[in-house]
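Undergrad: 3D model of this:
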Amino acid sequence: MSEIDCESVCVAAMALADGEESTLSAKEIELHLLKCEVCRKEIEQLSATNQLLNSQKRLAESVDVWSVVSERIQATTESTQPFRWRVLLLFAIPLFGYKGFMLLLDAPPNLWSKLIPVILMIVIFIYLKANPFKINSELTLKGEWSL
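TA: As a prediction, the model looks like this:
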């Protein structure tokens with residue numbers, strides 16, 4: 001049988017202490033520890049550290065993240081304001097008015113007749129200070145996490 005090195009004994013001893021499988025048997029570890037003072041002290045220190053860590057209170061998972069997120073989503077969708085017809089009218093009336101004006105003039109379509117509605121909508125968006133393509137980044141989880 002070959003000589004067992006100290007590092008493999010320490011690794012195997014801690015694996016056994018953690019309830020894991022070891023490359024060395026408990027008998028081989030015990031025989032080595034009887035002969036080697038350095039390994040015996042190392043194992044004692046590692047065992048003391050392991051006991052100290054095991055005695056500490058562990059943080060328990062107190063928040064189910066999905067339930068918090070789904071409640072927030074549902075609360076946000078329920079509390080959103082209903083569809084505003086006034087905003088739709090704000091867009092529709094100028095566009096229909098422009099289209100009616102163009103039909104009354106019986107003007108042939110040109111570049112300006114196509115650009116004016118787009119410019120009109122840009123002006124309305126600027127007036128409302130609203131971006132229809134804005135992503136809502138205000139959804140935050142406050143107070144759910146405590147360390």
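Undergrad: use CA for all of it now, contacts and neighbours both
TA: Fine.
Undergrad: got the domain boundaries for the chain?
TA: Structural domains annotated on the chain: 6-54, 83-135, as defined by automatic domain parsing.
Undergrad: hey, which of those domains is tucked in deepest?
TA: Mean neighbour count (mean count of other CA atoms under 10 Å) peaks for domain 6-54 among the domains of the chain, with a mean of 14.
Undergrad: just to revisit the earlier point, now render the domains of the chain as TSV, adding distance to residue 73 and mean pLDDT.
TA: Putting the domains of the chain into TSV (distance: least, CA to CA, whole Å; pLDDT from 0 to 100) gives the following:
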stretch	distance to residue 73	mean pLDDT
domain 6-54	39	86
domain 83-135	15	75
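Undergrad: what about those, which gets the closest to residue 65?
TA: Across those, residue 65 has its closest neighbour in domain 83-135 (22.1 Å, CA to CA).
Undergrad: can you redo the domains of the chain as CSV with distance to residue 68?
TA: What follows is these, written out as CSV (distance: least, CA to CA, whole Å):
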stretch, distance to residue 68
domain 6-54, 31
domain 83-135, 21
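Undergrad: Which one of these lies nearest to residue 66?
TA: Closest approach to residue 66 among the domains of the chain is made by domain 83-135 (21.2 Å; CA to CA).
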